[in-house]
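Visitor: Got a predicted model here, sequence first, then my questions.
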Amino acid sequence: MRKINTAKSLVAGALSFALFSLAPQGFANNDLPDLGTAAVNTFSLEKENSYGDAYMRVIRSSAPMLNDPVLSQYMTELGNKLVAHATGVKTPFYFFLLRNDEINAFAFFGGHVGVHTGLFLNADNESQLASVIGHEISHVTQRHLARSIEAKEKSSTATMAAMLGSILLAIAVPQAGMAALATTQAMSAQSQINYTRLHEKEADRIGMQILVDAGFDPDGAADFFAKLATRYRFTSKPPQMLLTHPLPESRIAEARNRAAQYPHRYVPDSLDFQLAKARIQVRFSSYSEESALLLFQEQIKKRSYSFEQAAQYGLALALLRSDKAKQAEEIIDSLLKQDPNNLFYIDTKTDLLLARNQHTKAIALLEEERQLKPTSQVININLANAYIEDDKPQKAIPILEEMIFLDRQNQLPLLLLSDAYKKAGNKAMEYYAKAESMALAADYDGAIDQLNFAYRLSEQKPLQLARIEARIRQFKQSKKALDLL
């Protein structure tokens, strides 16, 4: 699979998107749009969705995306809870995690919201995390990126293209994006920065309303802002989030004032948030084995936790990471007795059972849970994987195909589906699933190669041949569009 690993490649890709989008349109001499209006002249919603899809494919190929079903399901459920209380939602939302200890979150075309794992590591509770996600949701619903582009319609083609490239790059690589921004004309760059500040203020205001309406603590935003400001007040290298979301004292004060306008209420923290944070600390952070183990041992010893269950869960994961599976399983079994349907515990219990080749027990546990949660990503991914490991790929295939039908952006079911077809001896469909996975990462050349292999192995199957031919044509069109960028 083709990899795009450098900031330079991302700059080129972002600039290409800009050139492709704006060259056919021409540039009107419109004034800056009013902040309360949607961008409708330069970028249609259809075009935004197209760019969002293309850029998401680039991110899959170049960024450390986290394909952890437990964390992905948690992020999706939290994000959707917030979106349900947003106004002006005109596009589906897709929430994803990047494995990066930096504190950052970003949003771009098509309802895509990315969150760095470092945000979990630094948030104290779910309201703080939700305040950041609500802010990013507001960037999408208010179409800030499209409006930023419209604000540059008086600029030349080159400046417009460079500006869009800088904006898109700053989403994922803020330092490089700000450097690219500096290469444009000084006046144009300054107006872009000012306009962005207005967007930030609007996103703060609307994000706060989303946060409160969704039942979270309105002080979550100000608390998290203040925490970051205090931690990085004297540092020469602020986190990525502060490069694109500056924190002057006035912004923190405004967040406090907004929160004070709402009735004070007690909002308990979320066990699922603390479980997700523990999972990231042990499995997806820079903590060493020893540090992770010591962290949760100290939490339990000093009782310095929000939920004892989360501390115990973190300890179990740390023990498992240190090859102490028996001790880990004792803790997980105890947690399951308290909460038998908890997906965090079930996922880890499944890992423990499969590690001992106890496939039948794992499958029985997951099939029972599937009756309660038939669309759960966690249950279905684990069940399909258990069937594959138990040499029953034919039972995994329909589970995975249904998952792909419900979520066409999730690469993990496609990777497992390829494994299932391989074990089932169906080489044609193995190649087909690989092709779909590669296309999700913008590797259309590799995807077309895989489909050609599938085509040669699909003789006497006219429907399958027609399906493959159609997909080859679609991928060629997509590749041509990217090549023209």
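Guide: Happy to help now that I have it.

Visitor: what's the burial count for Asp407?
Guide: A total of 16 residues lie near Asp407 under the criterion other C-beta atoms under 10 Å. For glycine as for every other residue, the C-beta is placed from the backbone atoms N, C-alpha and C.

Visitor: Likewise for Ala54?
Guide: Neighbours around Ala54, by other C-beta under 10 Å: 21.

Visitor: Please apply the same query to Ala259.
Guide: Neighbour tally, Ala259, other C-beta under 10 Å: 20.

Visitor: so it sits right up against Phe224, yeah?
Guide: No - taking contacts as C-beta atoms under 8 Å, Ala259 lies outside contact range of Phe224: 11.6 Å.

Visitor: Do a quick rundown of the strands in this structure.
Guide: Here the chain has its strands, by DSSP state E, at 94-98, 105-108, 112-116.

Visitor: okay, those strands, which one's buried deepest?
Guide: Across the strands of the chain, the average number of neighbours (mean count of other C-beta atoms under 10 Å) peaks for strand 112-116, which reaches a mean of 24.

Visitor: Mind listing residues that contact that one?
Guide: Applying C-beta atoms under 8 Å, 6 or more residues apart in numbering, the contact partners of strand 112-116 are 52, 55-56, 59, 75, 79, 93-98, 100-107, 132-133, 136-137, 140, 171-172, 240.

Visitor: Which parts of stretch 210-226 count as buried, going by neighbours?
Guide: By 16 or more other C-beta atoms under 10 Å, the buried positions in stretch 210-226 come out as 210-212, 214, 216-226.

Visitor: among these, which are in helices?
Guide: By the criterion of DSSP state H, membership of those in helices covers Ile210, Leu211, Val212, Asp219, Gly220, Ala221, Ala222, Asp223, Phe224, Phe225, Ala226.

Visitor: ok, the buried residues of stretch 210-226 vs Leu66, which is closest?
Guide: Of all the buried residues of stretch 210-226, Phe224 has the smallest distance to Leu66: 21.1 Å, by C-beta to C-beta.

Visitor: if I look at that closest one, how far off is Asp272?
Guide: From Phe224 over to Asp272 the distance is 18 Å, taken as C-beta to C-beta, to the nearest Å.

Visitor: Also Thr87?
Guide: For Thr87 relative to Asp272 (C-beta to C-beta), the value is 26 Å.

Visitor: In terms of neighbours, single out the busier of those two.
Guide: More neighbours surround Asp272 than the other of Thr87 and Asp272, with 19 against 11 (other C-beta under 10 Å).

Visitor: What sits closest to the more buried one if chain neighbours are left out?
Guide: Distances taken as C-beta to C-beta, 6 or more residues apart in numbering put Tyr74 closest to Asp272, at 5.8 Å, once the chain neighbours are dropped.

Visitor: Thr87 too?
Guide: Here the residue nearest Thr87, using C-beta to C-beta, 6+ apart, is Thr141, at 6.9 Å.

Visitor: Who is the residue nearest the centre of the chain paired with across the strands?
Guide: Centrality entry for the chain: nearest residue to the mean C-alpha point is Phe96, 1.1 Å, by C-alpha atoms, centre = their mean. Beta-bridge partners of Phe96, counted by DSSP bridges, are Gly114.

Visitor: Including pLDDT, could the ones in helices among the buried residues of stretch 210-226 go into a markdown table?
Guide: Putting these into a markdown table (pLDDT from 0 to 100) gives the following:
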| residue | pLDDT |
| --- | --- |
| Ile210 | 94 |
| Leu211 | 94 |
| Val212 | 93 |
| Asp219 | 90 |
| Gly220 | 89 |
| Ala221 | 86 |
| Ala222 | 84 |
| Asp223 | 87 |
| Phe224 | 86 |
| Phe225 | 81 |
| Ala226 | 80 |
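
Visitor: In space, what's closest to Arg471 - neighbours in sequence excluded?
Guide: Leu451 (5.8 Å).

Visitor: what's the pLDDT at that neighbour?
Guide: Leu451 carries a pLDDT score of 97 in this model.

Visitor: I'd like to know how far it sits from Glu290.
Guide: Using C-beta to C-beta, Leu451 is found at 47 Å from Glu290.

Visitor: More neighbours: the two, which one.
Guide: Taking other C-beta under 10 Å, Leu451 and Glu290 do not tie; Leu451 has more neighbours (28 against 10).

Visitor: Surely the more buried one and Ala470 touch.
Guide: No - counting by C-beta under 8 Å, Leu451 sits too far from Ala470 to count as a contact (10.0 Å).

Visitor: For PyMOL, what selects the buried ones among the contacts of strand 112-116?
Guide: Filtering the contacts of strand 112-116 down to the buried ones (16+ other C-beta under 10 Å) takes a single PyMOL command:
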select buried, resi 52+55+56+59+75+79+93+94+95+96+97+98+100+101+103+104+105+106+107+132+133+136+137+140+171+172+240
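
Visitor: neighbours around His199, how many?
Guide: Based on other C-beta under 10 Å, the number of other residues close to His199 is 19.

Visitor: so who does it touch?
Guide: Applying C-beta under 8 Å, 6+ apart to His199 gives the contacts Leu35, His139, Gln142, His144, Arg147, Ser148.
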